[in-house]
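# what shape does this take:
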Amino acid sequence: MSSEIVKALKAWDTYDPNISEEKVLRQAHAVIDAARPLLARIEALEAEVARLREALEPFAAVAEHDIGDDETDDDIFWPISNARYSMSGRLRVGHLRAARRAREGGNADG
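Okay, here's the model as predicted:
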């Protein structure tokens with residue numbers, strides 16, 4: 001995919017003061033055509049990042065609001081039993097399933 005872009009750019013590697021406008025346009029179109037698959041891949045990856053961030057949001061909210069500064073990474077997290085004291089709300093089974101789906105690329109059942 002990127003090798004096509006490299007080939008297209010190498011066509012412009014040397015300066016030619018006598019290059020025709022037509023050749024410049026052909027080379028420009030070659031670079032643009034070679035870049036299209038990369039741009040599509042970037043858009044797909046950006047969408048995947050957004051989907052993964054959305055699936056992580058409930059867990060990040062718990063980490064931000066319901067874990068104290070005195071707790072260590074090795075401590076076991078126990079959800080706050082009284083929901084009115086929980087700033088982030090409760091983690092639900094659906095949150096866990098959404099995280100699993102996100103990890104599997106959105107294809108896991110459940």
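# tell me which element Glu46 is part of?
Element membership of Glu46, judged by DSSP states H and E, is helix 21-65.
# which other helices and strands contact that helix?
Secondary-structure packing of helix 21-65 (3 or more CB pairs under 8 Å, 6 or more residues apart in numbering; DSSP states H and E): helix 2-10, helix 93-103. Placement of C-beta: from N, CA and C, glycine included.
# least reliable of these by average pLDDT, please.
For the helices and strands packed on helix 21-65, mean pLDDT drops lowest on helix 2-10, to a mean of 68.
# backbone dihedrals for the closest residue to Ala61 other than its chain neighbours, please?
Closest residue in space to Ala61, ignoring its immediate chain neighbours: Ser88 at 3.8 Å, by CB to CB, 6 or more residues apart in numbering. Phi and psi for Ser88, reported as degrees, to the nearest 10, are phi -100, psi 0.
# in the protein, which residue is closest to the centre?
Val49 (2.2 Å; CA atoms, centre = their mean).
# Glu43: how many residues sit nearby?
10 (other CB atoms under 10 Å).
# could you do Val62 as well?
The burial count for Val62: 20, using other CB under 10 Å.
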